[in-house]
Every structure is written in C-alpha cells, then in structure tokens.
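Visitor: Fold the following and give me the result.
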Amino acid sequence: MKPSRYNFVFPYQFNRDYSVVYNAFMDSAAIVTAREAEFIRTCDRSLGIHYTKIDDFKNKGFIIDANQNELSILKVEYLKSKFDTKLLSVVIVPTYQCNLDCACCYEKLSYSMADYTIMNEQVQDSIYNWIKSKLPGVETLEIFWHGGEPLVALDVVRRLGGMLKQLAEEHNIAFVSEMSTNGYLFTDSVARELKDLGITRYKMSIDGCRENHDDRKRHKDGSATYDTILGNIEKSIKYVDEIDLRINVDKEDLGDAYKLMNILEEKGLSDKVIPRLGKPRDFAAQRNDKHFTKEEFGCEAVYYSLRQGIGPKEFSRKDCFCLVNQLHSIIVDGHGTLFKCVSDTGDGQSSGKLKIDGTIEYNKNFYAHVINNPLENDGCEKCPYLPLCVGECAFDRKEGNPCTFGSLTEQCWAQFINAYVVKRLLNRLNTKGFSTSGDNGINMDDLIMGKYSDQLNQFINNAQSTDYIDDLAALAEHYHITLSDEDEKLLLQLIRPTELAL
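Guide: Reported below is the predicted structural model:
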C-alpha cells in the first residue's frame, strides 16, 4: 500500500493534536489524530494504526494499493468522457445581439458588436437535422442557449427548442436544456414558457449591488437594470430548478457579493439561486489596490463558494459548460458557423460550418481543440489538484492563465480545507452553527474561515486545551464571549473531534 498522490494534510484549526485530510481523487475528507496523519503520509506500519482504521483510510482513498496508478485512471476516465457517444451536448447561439451594454462583457467581439443576425429557419432546420442524425446510441441530449442575449431571439428558442424537445421525446432519450441570460427579459411569462420547453437551469450575472451594478450593467438606452433583473428572478423562481449567479466584483466592492448573498436569503431565493464570484479575464499587478491578483481571487472565490456549502469538487465544475473536451459536441451560431469554445464565438475562430443539408464540415481548429489533452500537459500532469479541475478552462490554458486552485497559496488552501471539513462535520450534526448572535456571539462562517477578532482568536487558542464544558464556559465568560449551553457543547465537539471524525 502507499499514500494517494492527491492527499492534502493540514493541522486542524481547533486542535493542533489533530489534522484534517482531504483527498482530491475521491473528494473525501476526515479529521484524524496526528499519528494517523503521519501514517497517511508514510504508510509506516510501526505507527501501530489498527487495521480497521487502515481499511477506513483505504475506503476514503487516502491509502491505495501499491500497484494502483491514479493518474492513469484519471486519463482513462478523461478519454472515456471525450469519446462518449451516449451524451450529445450542443450550444446554440441564436443571435449575437444583446439588449444591455455591460462594461465587463467578454462577448464584445467582432460579430457581437456589429452582427444583428437572428438565426433563420433554414439554419434552425439544419441544426435539427444534424442532431437527429447523431441520435442513434445517444441517451441524453443537452441543449445550452447562449448569446449575445438568447431571449432577444425568443422566437428561435420557441421554434427550435420545441422541435428538439419533441425529438428527444420521440426517441425516448433524456432531454436537458439550460440558458445563459442577463435576466432583463426573463419575465414571469417568459420563464413559464421556457419551462414548457424544458429549460429550467440558468446562468446569469450581477455586477454587485444596485449602485455598482447599474454603473456597469446598463440597458442600451442607458437605463438601470438591477431592480428589473433581481425582480425577474424573484417572480420567475417557481419555474426554475437552479440559477448559477455570477457576481462580478473587484476588491473595492467585494462586500457587495456578501450583501447579495443576504439579499437572496431574505427574498427566499437561496435554495435555487447559487451565487459565486466571477473570474476576471485579466488580473492586476500585485500593487494594484482595485483589481484582484490571481492569488487573491482564488482565495476569495473558494471561500465565497464555501459559504454556499460548495466544496472543492463542485466548485471546479461551476464555472463553464465546456465542450472543448467532448468530441461529439459543438457550438453553432446564427450563421451555422461552428465553434468548440464559447470564448471563440463571434471573432472568426471557427471550427467549421454546418451545411444546409444538416451535415458538418470541420476545419483544422476543430481538430486542434479535440486533440488537445490537458492531462498530458506537464504542469497539469504533476498537479495535485488535477482530479478537481481536470485541466480547468481550455481558454485560460491557451492564454497562459493558471487554474483557480493552482493559484491558491498554501495558507489559503489549508484554511479552505479546514473550513470545508468543519462544514461537512456540521452537516453531520444537523446544524449550521452557533445559536447565539450579536457582538459577543460567534458567527460560524467567520470562525471557520479565520475571520474574527483578536479577542475571539485568543479565546479559541486557549479553548483548545479545555476538556470539560464548565472550563469552556468559564473561559468564554473571561473573554466576554456569549455562548448558549448548546453552543458550548458544539464548540467542545469541534475541539475534541475524535468521535466525530468523518
């Protein structure tokens, strides 16, 4: 047996006699004693770890068979996914038109700036015929509507979307449909109509709270959009399964992202609307006070997602619907032009052409995309985060941008894994945190993320040496920390986690 190459082991934040362990390959976590952590690092039998514990560590992927090659397994699974014929994913761009004028829009390329084409019925029929020809052997058909703003071309979504949904039903295959939209035209009646077409999952974005958003994300006529977009989400939520809400902020207005989290909770939207920080296309120099560096964004993004209960594995899957790594999937725009990456749409970086008869003619760009394998990249191949991101964004790789996990500092990653493990532990205990609130209470999210006062820091450090409730209560009183009886029991469980190890 040997340790997994994808283990992360850090001191446990509430008691240095313990460690937290996270395995990226299995997405598994545990709180273990210092001696157990050493065994996980070394597989040294002389440490006297009981065989039942060793079996548990094997089940979690911390320890693997000596002849197992995890990287080879990842590569095989990647290739299986690339050549999977049971899933057909198609991104449809019915128009490059947009009703808004967003300062941070990455779609402001040649077509989207000047091309006002709405996909005609001939192109729609060609898409339909191509998809129909690919259905033998397909078990799931995924349709993503992208733009521009696809709701500007609602008639196309109605006609072609309805045809494709019916096609899937006729062939008795699963049908999944999603849409990227700015939300301005996402009215109650439109959302209801889209649900009838099978579209229940969305990607949207908001650029901070009202003042900052309306400064950056205005209507073409210059009018504000924040209240309309948020109001539309609130009124239409009954027709939605999930909204992946991208929050575009910089360091100066990062607080807006957390205010929006509270706003969503107050409006009863947080069960379906999942906010996350939007990844900037460009990062600032270290001395810049406004824009994030790669490292700063990485830490803030993973912490923000953790507040939603999103751990490392799910976090890395949230950012995009990437078709680059799937051989049988494609993006098609209103001209019938094909692409493999949504960042290429509109700027002439095409991967081929959809013909009128529903056949496809690929070009060299298509094959260059498909032949690329991030798991053969030297940097990715050696990276301990590889099972999480599988190379992450192809566009970022092409531009030389590191993946989010790869830009994290060791300290940030240690804090994140600690917080994630404690979050999982709290879920096991069926609690979100402490019941007391106010200036002298403890906010669980701030506590596990290390964002608290010097006074609370001293209390937590000293509390690590307590074994009994009475001692913990006396210490809390000394530091003027307010804890209920239930809070004291919970904190002691966090400090002495032996029986609660995951």
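
Visitor: switch to C-alpha atoms for all contacts and neighbour counts from now on
Guide: Fine.

Visitor: who touches the residue found closest to Ala174 once you drop the neighbours it is linked to in the chain in this structure?
Guide: Nearest residue to Ala174, sequence neighbours excluded (C-alpha to C-alpha, 6 or more residues apart in numbering): Thr140, at 4.6 Å. Going by C-alpha atoms under 8 Å, 6 or more residues apart in numbering, Thr140 touches 86-88, 173-176.

Visitor: let's see 6 Å
Guide: If a contact means C-alpha atoms under 6 Å, 6 or more residues apart in numbering, then Thr140 has 87, 173-175 as its contacts.

Visitor: if I look at Asn129, how far off is Leu160?
Guide: 11 Å (C-alpha to C-alpha, to the nearest Å).

Visitor: Give me the more crowded residue out of those two.
Guide: Taking other C-alpha atoms under 10 Å, Asn129 and Leu160 do not tie; Leu160 has more neighbours (20 against 16).

Visitor: Just say helix, strand or coil for the closest residue to that one other than its chain neighbours.
Guide: Nearest residue to Leu160, sequence neighbours excluded (C-alpha to C-alpha, 6+ apart): Gln124, at 6.1 Å. Recorded secondary structure, Gln124: helix (DSSP: H, G, I helix; E, B strand; the rest coil).

Visitor: Over to Val90?
Guide: Secondary structure of Val90, per three-state DSSP, is strand.

Visitor: Check the spacing between Leu185 and Ala153 real quick.
Guide: Taking C-alpha to C-alpha, one finds Leu185 at 11 Å from Ala153.

Visitor: shared neighbours of the two, anything?
Guide: Joint contacts of Leu185 and Ala153 (C-alpha under 6 Å, 6+ apart) do not exist.

Visitor: List the buried residues for the helix or strand encompassing Ala168?
Guide: Take DSSP states H and E as the rule and Ala168 turns out to sit in helix 154-170. Using 16 or more other C-alpha atoms under 10 Å as the test for burial, helix 154-170 gives 154, 156-157, 160-161, 163-165, 167-168.

Visitor: Stretch 39-47 now?
Guide: Result for stretch 39-47 [16+ other C-alpha under 10 Å]: buried residues 39-41, 43.

Visitor: cool, stretch 382-393 as well?
Guide: By 16+ other C-alpha under 10 Å, the buried positions in stretch 382-393 come out as 383-393.

Visitor: which regions of the stretch 251-400 of the chain sit below the pLDDT cut-off?
Guide: 281-289, 317-322, 347-348, 395-400 (pLDDT under 70).

Visitor: Mind putting the buried residues of helix 154-170 into JSON lines with pLDDT and distance to Arg192?
Guide: Rendered in JSON lines, the data for these read as follows (pLDDT from 0 to 100; distance: C-alpha to C-alpha, whole Å):
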{"residue": "Leu154", "pLDDT": "97", "distance to Arg192": "13"}
{"residue": "Val156", "pLDDT": "97", "distance to Arg192": "16"}
{"residue": "Val157", "pLDDT": "97", "distance to Arg192": "13"}
{"residue": "Leu160", "pLDDT": "97", "distance to Arg192": "17"}
{"residue": "Gly161", "pLDDT": "97", "distance to Arg192": "14"}
{"residue": "Met163", "pLDDT": "97", "distance to Arg192": "18"}
{"residue": "Leu164", "pLDDT": "97", "distance to Arg192": "18"}
{"residue": "Lys165", "pLDDT": "97", "distance to Arg192": "16"}
{"residue": "Leu167", "pLDDT": "97", "distance to Arg192": "21"}
{"residue": "Ala168", "pLDDT": "96", "distance to Arg192": "20"}
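
Visitor: Those: which two are farthest apart?
Guide: The distance between the two most remote of these (C-alpha to C-alpha) is 20.5 Å, for Leu154 and Ala168.

Visitor: Going along the chain, name the strands of the stretch 351-500 of the chain.
Guide: For the stretch 351-500 of the chain, applying DSSP state E, counting those that start in this stretch gives strands covering 352-354, 360-362.

Visitor: Which strands and helices lie in contact with the first one?
Guide: I take that to be strand 352-354. Judged by 3 or more C-alpha pairs under 6 Å, 6 or more residues apart in numbering; DSSP states H and E, the packing partners of strand 352-354 are strand 337-339, strand 360-362.

Visitor: One more pass at 10 Å, please.
Guide: Here strand 352-354 touches helix 121-134, strand 330-333, strand 337-339, strand 360-362, helix 364-371, going by 3 or more C-alpha pairs under 10 Å, 6 or more residues apart in numbering; DSSP states H and E.
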